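In: Model the following, please.
(chains A, B and C)
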Amino acid sequence: MSDPFDDFPGFEPAAPRAGGGIAACALAAMHGGAPDFLSALNPEQRAAVETTEGPVLVLAGAGTGKTRVLTARIAHILAQGLARPHQILAVTFTNKAAREMRERIGALIGGEAEGMAWLGTFHAISTKILRRHAELAGLKSNFTILDTDDQIRLLKQVLRAENIDEKRWTARTLAFLIDNWKNRGLSPKTVPAGEAGAFANGKGGALYALYQERLKILNAADFGDLLLETLRVFRENPDVLREYQGRFKYLLVDEYQDTNAVQYLWLRLLAQRQAGAANEITPAQKPNLCCVGDDDQSIYGWRGADVDNILRFEKDFPGAKVIRLERNYRSTGHILAAAAHLIAHNRDRLGKTLFTDGEDGEKPEVSGVWDSEEEARVIGEEIEQLQRKGHSLDQVAILVRASFQMREFEERFITLGLPYKVIGGPRFYERLEIRDALAYLRCTAQPADDLAFERIVNTPKRGLGEASLQIVHDHARRQRIPLMQAARILIETEELKPKQRSTFRALLSDFDRWASQIGQKPHHELAEQILEESGYTDFWKQDKSAEAEGRLENLKELVRSMEEFPDLGAFLEHVSLVMDADAADGGERVSIMTLHGAKGLEFETVFLPGWEEGLFPHQRSLDENGRAGLEEERRLAYVGVTRARRRAKIYFATNRRIHGLWQTTTPSRFLDDLPAAHVQVTENRASGSGYGAYAQSRFANMDAFGSRYDTPGWKRAQQNGPGGRAPRTIEGEVLGKSSPGSAFSPGDRVFHLKFGPGAVAAVDGSKLTIDFDKAGRKLVLDSFVEKKSS
DNA sequence: ATTGTTGAGCTTTTT
DNA sequence: GCTCAACAAT
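Out: So this is what the prediction gives:
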């Protein structure tokens, strides 16, 4: 992404480096002239930077230099010697944002940015804290972080163990609920009874508790836990909290409008600064908390973000200074006017009006087309025209509301031979081959990682199917030990078929060998070796399908990226939190992405297709969240328009295929929210569609479309009544206790599920030698046999 | 253990 | 109407 303020004019990175950036900057300040990073700011920005003490809310409209203020503020604090780098807590939402911030601070003050140990995402910082105090949360400090996939798998196990009909109550639904609770800071104990009861006939809360229990056994935390458990540690251990409160002299938060309840609580705890030393009687200090955000760009309400946090800031932090950044450096006048007029239709906002000193430029253009196919064709043509005029394709983006819209553009661009890139497809680390490879590494580094083990035990296929895994599973559950450990015991006995037994033995000795090499050889070489020796690379080499090559490429990329980390542990840590490989692809390309994905970016030319009722605003948003939903959709429209520097082109199609059926659509009400004076409505697409009338009537009758949206036929009967059949209360199987002294003695009559009845011949710990009536003498584990009472 | 068939769902997505 | 996942059948 390119930002006109990426570089601070006049700043010479090479000049003052001796003795560290801080001293040099401080020196510059003393010599009368302000440091360059200050003098390059406008008055409001400068106020936001220099108001270092007390709570500050910076309302930074789109394109007003938000990141610039944040980075300059940190540079300023450091240059003034107000705090050391490790005393500043700077929180972002995405790793990308954190990375960018670090780079830009580095550009301002040099290597000192390296010392900012507490610059990162909410999750990364929480992880760091939680690892230090893991035992206070019932974890070990090397706990694994589960991603969504692992989470679902684990929940499936819980549901299965509880005999819950997985058809009716899916693991995904439960995951969604639990995530929601965690986002709101609710533990199994504090979930409101009504909500907990809504799932699986009243078992929702219990399932949440069981899931948490399983996580602890696995020594694992999901994303939600990272914050929630840290919060719990803070609440239950005032001394720990105090330590961090004292540590952070300055707190900064980016994109404050996106914070959810846990993040808010987490932040508020840290911001409650106690008076420094115990002997001072000064009242609790006001926190040096600076939150930067834009209520008009809050588009993540659906995943728990609470705009209220930003709207409430002044109440939460009395005496807070609110600074508005309204001078826009990005877009031309007409675009800005259109965006401002659009967003003014929202009721719940703090209110801000962007302005620019720049030229008016071209008016945003609204065009109607017959259907989505024509839409793609027309946009393709326009892009080709821009290209012919010498515009860079990197400066062109198509921003869609929903990802299914992307395909039509891709297809069109392929036939045109127009280079494009889809942003926000499946992330690198979510790809199958990467997840598999990581599972191998996880098993090597963390032998107790059951989910990883399960993933790769039969990948590539090695004949360890459902049946044999089930045996290992049973044993592991009964003994409450990790799968790998269970397998280790089982290969000493005859529970498994000889073939599986030797396969397991080979696999385990592979892992042993790899594990013994940790620290012995560079971890990326070890990774390569693991992938090679496990047969995983060969597995893809033999795959003839089209993707196989790309997958091997990705695996190489994975190994390459490991070199940047000090050791395997650090790499795995990073990967579970991040891992977006912005593959540096050569050549200019048009970007195709969702509106959500476009936040924070900017382009010369932005195409905004699909402005139709039902799609944008999305019907589901309206159905589920009413006016709040509509307003969030409108903010999304605002985000879309404000991505454009010089050209914004909006489209609506008369016909669109929705869930397979062609439907006639109505132009989006957001089109009515655009000011006539700043918008160009064109009818030049002469393909015999009925949009001409729209163009004539729309400004005459503002409410033409506003009041009549009816629920389309595809609206689903959403409420499955609470009825249904009675809950099945069969508890999960009673777990056999691992009795230290064996409950068996020679001569006992026993029954084995597979081998049938027999008599114990000898006992060796948990291993029994049994003479089976039919199967002969076998070595089995005591947990697999039942003693016959008589 | 692979291959075919049926059925549900279908907005946005980070960590 | 299309896709993916879960089950059944070979």
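In: anything in stretch A:405-419 near DNA strand C?
Out: No. Judged by CB under 7 Å from any atom of the strand, stretch A:405-419 and DNA strand C are separated, with a smallest distance of 8.6 Å. C-beta here means a position set from N, CA and C on the backbone, and glycine is covered the same way.
In: what's next to that stretch, contact-wise?
Out: Stretch A:405-419 is contacted from outside by A:372-373, A:375-377, A:379-380, A:383-384, A:387, A:393, A:398, A:400, A:420, A:422, A:587-590, A:592, A:609-610, A:615, using CB atoms under 8 Å, 6 or more residues apart in numbering.
In: What's the mean pLDDT across stretch A:287-303?
Out: Across stretch A:287-303, pLDDT averages out at 93.
In: do it and DNA strand B meet at all?
Out: Yes. Contact of stretch A:287-303 with DNA strand B is found when judged by CB under 7 Å from any atom of the strand, involving A:302-303.
In: Now do that stretch: distance from first to last residue.
Out: Criterion CA to CA, to the nearest Å; first-to-last residue distance in stretch A:287-303 is 28 Å.
In: Please state the offset of that stretch from the chain centre?
Out: A distance of 17 Å separates the C-alpha centroid of stretch A:287-303 from that of its chain, computed with CA atoms, centre = their mean, to the nearest Å.
In: do the same with stretch A:227-242
Out: Counting by CA atoms, centre = their mean, stretch A:227-242 comes out at 23 Å from the chain centroid.
In: Report the backbone C-alpha coordinates of that stretch in PDB.
Out: Output of stretch A:227-242 as PDB, limited to C-alpha atoms (Å, rounded to 0.1, in the frame of the first residue of the first chain):
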ATOM      1  CA  LEU A 227      -7.500 -12.300  26.000                       C
ATOM      2  CA  LEU A 228     -10.000 -13.800  28.400                       C
ATOM      3  CA  GLU A 229      -7.400 -15.800  30.400                       C
ATOM      4  CA  THR A 230      -5.100 -12.800  30.600                       C
ATOM      5  CA  LEU A 231      -8.000 -10.800  31.900                       C
ATOM      6  CA  ARG A 232      -8.700 -13.400  34.500                       C
ATOM      7  CA  VAL A 233      -5.000 -13.500  35.500                       C
ATOM      8  CA  PHE A 234      -5.200  -9.700  36.000                       C
ATOM      9  CA  ARG A 235      -8.400  -9.800  38.000                       C
ATOM     10  CA  GLU A 236      -7.400 -12.700  40.200                       C
ATOM     11  CA  ASN A 237      -3.800 -11.500  40.800                       C
ATOM     12  CA  PRO A 238      -3.700  -7.900  41.800                       C
ATOM     13  CA  ASP A 239       0.100  -8.100  42.200                       C
ATOM     14  CA  VAL A 240       0.500  -9.200  38.600                       C
ATOM     15  CA  LEU A 241      -1.800  -6.500  37.400                       C
ATOM     16  CA  ARG A 242       0.100  -3.900  39.300                       C
END
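In: Please enumerate the strands of the stretch 151-300 of chain A.
Out: All strands of the stretch 151-300 of chain A, identified by DSSP state E, counting those that start in this stretch, fall at A:220-222, A:250-253, A:289-293.
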